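Participant: when you get a sec, could you give me coordinates for this:
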Amino acid sequence: MAAEYLRHRAARSGLSHLVVDSAGLLGIEGAPAAAEAIGVLREDGLDLTAHRSKGLRKSDLKTADLVIVMSLDHLDALDELYPGGSGARYLIRAFESGAEPSTV
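Facilitator: So this is what the prediction gives:
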């Protein structure tokens, strides 16, 4: 849901060249988005029906310039499972209210 919304906002801001991807730490593959998420985005004119889940891979982190996670637990899990990595890692709350992003 967050990735689709970011794609939409980036395109609307003239940044359609950005590559936005979504992956989870549970390794769930091929599951559709929750009906609630599809409904919420539909209200904003966005279509999430084609979304399918995928697990995060080490190669994803090697090519990412920026990784945004939903919780502090996710940051901890990334550090444990994939120490280092090439891109910066941020908690999504770092972007609230237009604040400058800062690592957690």
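
Participant: what pLDDT does residue 3 get?
Facilitator: What the model reports for residue 3 is a pLDDT of 93.

Participant: do the same with residue 85
Facilitator: For residue 85, pLDDT reads 68.

Participant: equivalent analysis for residue 82, please.
Facilitator: Looking at residue 82, the pLDDT reads 87.

Participant: next up, the contacts around it.
Facilitator: Taking CB atoms under 8 Å, 6 or more residues apart in numbering, we find residue 82 in contact with 56, 58, 61. C-beta here means a position set from N, CA and C on the backbone, and glycine is covered the same way.

Participant: same question for residue 68.
Facilitator: Residue 68 touches 2, 89, 90, 91, 92, 95, counting by CB under 8 Å, 6+ apart.

Participant: and for residue 32?
Facilitator: Applying CB under 8 Å, 6+ apart, we find residue 32 in contact with 49, 51, 52, 53.

Participant: using the three-state scheme, assign residue 50.
Facilitator: Following DSSP: H, G, I helix; E, B strand; the rest coil, residue 50 is assigned to coil.

Participant: residue 68 too?
Facilitator: strand.
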